[in-house]
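Student: Just need the structure, nothing else, for what follows:
(chains A and B)
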Protein chains: 2
Amino acid sequence: MVSIDPGAGRIEVVRRKDGQHRQEAFDSLMIATGAKPVVPDVPGIEAEGIFGADTLPVAEKIRRFVDTEHPRRAVIVGGGYIGLEMAEALLECGLEVSLVEQAAQVMNTLDPDMGNRVGEALETAGVRLYLEESLAGFEMRNRRLEAVTTGRRELPADLAILGIGVRPNSSLAQEAGIPLGVKKGIRVNQRLQTGVAGIWAAGDCVESFHLVSRKPFYVALGTVANRQGRVAGINIGGGYATYPGALGTAVCKVCDVGVARTGLQQKEIEALGLEYESVTIVSSHRTGYYPNAGRIAVKILAEKSSGRLLGGQMVGDIDGVKRIDVLATALQAGFRVQEMIHLDLSYAPPFSPVWDPVLVAVRKILKKF
Amino acid sequence: MVSIDPGAGRIEVVRRKDGQHRQEAFDSLMIATGAKPVVPDVPGIEAEGIFGADTLPVAEKIRRFVDTEHPRRAVIVGGGYIGLEMAEALLECGLEVSLVEQAAQVMNTLDPDMGNRVGEALETAGVRLYLEESLAGFEMRNRRLEAVTTGRRELPADLAILGIGVRPNSSLAQEAGIPLGVKKGIRVNQRLQTGVAGIWAAGDCVESFHLVSRKPFYVALGTVANRQGRVAGINIGGGYATYPGALGTAVCKVCDVGVARTGLQQKEIEALGLEYESVTIVSSHRTGYYPNAGRIAVKILAEKSSGRLLGGQMVGDIDGVKRIDVLATALQAGFRVQEMIHLDLSYAPPFSPVWDPVLVAVRKILKKF
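Tutor: From the prediction side, this is the model:
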């Protein structure tokens, strides 16, 4: 147990094992408490065989459970990055895998059409998808998990993984009177200072700033946490650095499919009241005649009035989707699609068609401007 | 044979087979005569077994020669993209391959340190490198190639490939009085108009404009030709489009190594009289613990006074070097390295370390600013 006394410049630590109090004075205090997984308050949540997937020790527990208990049927609750990566891992372990997701698509950070491509890939890989079904609870016998129940059905399960998101672990900060922001992430300025002098925060416990919407948002990503940590460290060490914000750029491998996204998606653009154009193209990610030329779907979204790029998404061959970084860089530059058509991207048959898939998408959306 | 009479808005074609003249009037004329390979004027150049590598029919001839004549020893003259790709292809065909290059490194579009990495990879793959040796001529017996001679030695050869560059095929334009530019590339404006009304040109036959140096330069790349062709086509069709210029972005696979470059290299920066800082880092291109995490060397160059990115080069795992496009996009945005540290590039273990190799290089160069 830890508590912070900001006025006195002091933290108080109560040791867990013997209850002893210890006080530690600070000039600068860094809060890096991260995020904690959402644990649903449903019947049976205490059953053996239900795991989150948030830390390395938990992953080791899951591995041990698979190796010693030989579960046959796994149910994943939640179709985000963690849920999908766990689905892949458990398929690899030879389990039957079902996935329950309350939305109409997996991967809610993608638009529905792109999320559906991921869903199809999951089904092809052997995952049974139950979309638009909410977790109702868990059935158990002798404390051991027997089934996952949704509003619509009961799915027999020897193992269940919770991947329904995380929230900032900000209660320590909140109790110390440090102002919070979106989703209770600790509010920080560009130097990663909290609202209380001498106290800094970075990582999954803080609110971020979106470089396209120019508004605060919450995103729990290792990239963001790392970059914020660097900036906070420089500042605490007496230097001067700023962290302007993030785009929510992310990439993920699910079985044979790569998934990537950056910037704003449809629903976020609509919530901002902006009008937009979008296109989705499917292209070979190497030159078509080259061996192992897989397919990649590229979606881009641009502001209707100006052509300014707002976001992009990719689903397809694993070797093709890292080019999401081109869209992230273009977003950071504030490029309009009219400028992006001139991007001098590289080409050789093992790497790309002459017109990189990004440029194929740009050519197509340009017809609307 | 073709000749252009710009004043009359007419081209004159002489048919090769019967010498008949034909005239064709034009409102708009598009010159897309491409480039032609440099053929050195040395003794023995007419020997059987010497090939360029500029067109598909020539490639088919080489293939046929390999299949029917069973050459054992090949000598490549020139260590650029074509020379290196041909070295790989002939190794694949089971030949002994030597490569002669007059410079002190292969791949002169890279800086010496990065070119040397490519050279080492070639030697590892089994290519014998002869650097700083100029082609002196070819020995033959009964009209058939027997050896390639340099200033220093005689290399026995059953097959020789010329990969010593191309030059704009601009004589048709020149004879018509159309102004030429750098390296005799046809001079065009951003709409791809030549200096003569009604006559347009695009592709390997034209002079390009470098987006970093802001000066004309010559570059023969399929990407540039394609993009220029699109712009010229729109304009000739009555639309309005511009082609602002290029960065010389290129990527290439040589055996197990990927090679990529964009923007200005050291010698170009020095020729412009600019001062610069540069760093080279070597990083895993996936997360280090992930299977098949290869290494990639990333070099970036930035202007000393401002930190403005000037160029970048990559040599390493084939799956890692397409990220050169991030540097190309950053160059097009005019980013300084101080801004690039904030690039929100994607991360997941199969794709990248948390700090993408591009960002690792940026972090390192930032210490100099």
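
Student: so how many other residues sit close to residue A:282?
Tutor: Residues contacting residue A:282 under the criterion other Cβ atoms under 10 Å in any protein chain shown number 14. Yep, even glycine has a C-beta here, placed from its N, CA and C like the rest.

Student: whoops, I mixed them up, residue A:46
Tutor: Here the count is done by other Cβ under 10 Å, and residue A:46 has 9 residues near it.

Student: In the stretch 151-300 of chain A, which residue sits nearest chain B?
Tutor: residue A:251 (3.8 Å; Cβ to the nearest Cβ).

Student: Does that residue lie in a helix or a strand, and which?
Tutor: Taking DSSP states H and E as the criterion, the element that holds residue A:251 is strand A:250-254.

Student: Can you work out which other helices and strands pack against that strand?
Tutor: When contacts are defined as 3 or more Cβ pairs under 8 Å, 6 or more residues apart in numbering or on different chains; DSSP states H and E, strand A:250-254 packs onto helix A:81-92, helix A:112-125, strand A:257-263.

Student: Please identify the deepest-packed of the ones you listed.
Tutor: Each of these was assessed for mean neighbour count using mean count of other Cβ atoms under 10 Å in any protein chain shown. The highest is strand A:257-263, with a mean of 27.

Student: What is the distance between that strand and the centre of its chain?
Tutor: 10 Å (Cα atoms, centre = their mean, to the nearest Å).

Student: Over to stretch A:104-112?
Tutor: For stretch A:104-112, the distance to the chain centre is 12 Å (Cα atoms, centre = their mean).

Student: does any bit of it sit next to chain B?
Tutor: No. Stretch A:104-112 lies apart from chain B when judged by Cβ under 8 Å from any Cβ of the partner chain; the minimum separation is 12.0 Å.

Student: how far does that stretch stretch from start to finish?
Tutor: Stretch A:104-112 has an end-to-end distance of 8 Å (Cα to Cα, to the nearest Å).

Student: what sits up against the strand holding residue A:251?
Tutor: Under the contact criterion Cβ atoms under 8 Å, 6 or more residues apart in numbering or on different chains, strand A:250-254 has outside partners A:81, A:84-85, A:87-88, A:109, A:118, A:121-122, A:125, A:221, A:258-262, A:318, A:321-322, A:324, B:346-348, B:350-352.

Student: Contact partners for the residue lying closest to the residue of the stretch 151-300 of chain A closest to chain B once chain neighbours are set aside?
Tutor: Spatial nearest neighbour of residue A:251, chain neighbours left out: residue B:346 (3.8 Å); criterion: Cβ to Cβ, 6 or more residues apart in numbering or on different chains. Neighbouring residues of residue B:346 by Cβ under 8 Å, 6+ apart: A:223, A:249, A:250, A:251, A:260, A:262, A:322, A:324, A:325, A:328, B:352, B:356.

Student: cool, and residue A:337?
Tutor: A:300, A:302, A:307, A:308, A:309, A:362, A:365, A:366, A:369.

Student: returning to what we had before: would CSV of the contacts of residue B:346 with pLDDT and distance to residue A:61 be doable?
Tutor: Shown next, in CSV, are the contacts of residue B:346 (pLDDT from 0 to 100; distance: Cβ to Cβ, whole Å):
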residue, pLDDT, distance to residue A:61
A:223, 96, 26
A:249, 98, 30
A:250, 97, 26
A:251, 97, 27
A:260, 98, 30
A:262, 98, 33
A:322, 98, 31
A:324, 98, 32
A:325, 98, 34
A:328, 98, 35
B:352, 96, 27
B:356, 97, 31
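
Student: Dump the residues you listed to CSV, plus distance to residue B:36.
Tutor: Output for the contacts of residue B:346, formatted as CSV (distance: Cβ to Cβ, whole Å):
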residue, distance to residue B:36
A:223, 48
A:249, 44
A:250, 47
A:251, 43
A:260, 41
A:262, 42
A:322, 37
A:324, 39
A:325, 37
A:328, 40
B:352, 41
B:356, 40
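
Student: Nice, that's everything, thank you.
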